[in-house]
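Q: The sequence and its predicted three-dimensional model are supplied below.
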Amino acid sequence: MNEWISSILSIVIVLAFLVGLEQVGKRLGWTDETIRKSVHIAVGHWSLLAVWLMDSWYVAAVPLVFFTFANAVLLYKSPSPVHQTERKSFGTVYYPIALLIILYFFFESEPLAFLAGSLVLAWGDGMAALIGRKYGTVIYDLYGQKRSFQGSVAMFLSSYVVLFLLFLWNDVVMWQVVTYGFIISIIATLTEAISYRDWDNFTIPIIVTVATSLLL
């Protein structure tokens, strides 16, 4: 399949999946935050489609440019719970911008690093928010923003599982899978903890991608 067609097809797949996920969430009685973070997790898997279906970074950039502008518009226009939060959140805009940056530098030369940054953001940050909001009882405060110990543990464990499976899938030797996965997960957890407000959607993928590139 022509990679330009694949690029457009990936947009259609993501849009269809997100609309379906939102409808399922509403039928099951999920909270707006649960729907929003489930979408956050699902969107990160676009990177797998990109690596499987496309060869050139500029072709893969098309969907990310589309979603950057679409999310910026929907941030002010959409009634969807994906964009409606307690305060105006720019995380949905920072997300594709960060992926564009790591796409440009790593997609063709180090796709493993690109996938690591995208999937750790999806699962680690997503699960940190879901677990932290529901079970977070031990709270710590960094310059006015509250995080929970339970959310940080979820961030670490989710990141580690993602990296462990991703590294195994790419035939990384076991000692590196175990140790480097641990180190990068710690880095990702600390990055999430100290990032101000929605900036974790920007900082996590970039820092995780760079750390993966340096270690592997």
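A: Structure received.
Q: chain center to the host helix or strand of Ile206: distance?
A: Mapping Ile206 onto the secondary structure by DSSP states H and E places it in helix 200-215. Between the centre of helix 200-215 and the centre of its host chain there is 11 Å, according to CA atoms, centre = their mean, to the nearest Å.
Q: Likewise for stretch 27-44?
A: Taking the mean C-alpha point of stretch 27-44 and that of its whole chain, the gap between them comes to 13 Å (CA atoms, centre = their mean).
Q: Stretch 169-189 now?
A: The offset between the C-alpha centroid of stretch 169-189 and the centroid of the whole chain comes to 18 Å, using CA atoms, centre = their mean.
Q: Give me the buried positions along it.
A: Neighbour counts using 16 or more other CB atoms under 10 Å place Val172, Val177, Tyr180, Gly181, Ile184, Ser185, Ile187, Ala188, Thr189 of stretch 169-189 among the buried residues. For glycine as for every other residue, the C-beta is placed from the backbone atoms N, C-alpha and C.
Q: Then stretch 89-109?
A: Under the neighbour-count rule (16+ other CB under 10 Å), stretch 89-109 has 89-103, 105-107 buried.
Q: among those residues, which are in helices?
A: Within the buried residues of stretch 89-109, membership in helices is found for 91-103, 105-106, as judged by DSSP state H.
Q: How about residues contacting the helix holding Ile206?
A: 91-92, 94-95, 97-99, 101-102, 105-106, 110, 112-114, 116-118, 120-121, 124-125, 159, 163, 176, 180, 183-184, 187-188, 191-192, 195 (CB atoms under 8 Å, 6 or more residues apart in numbering).
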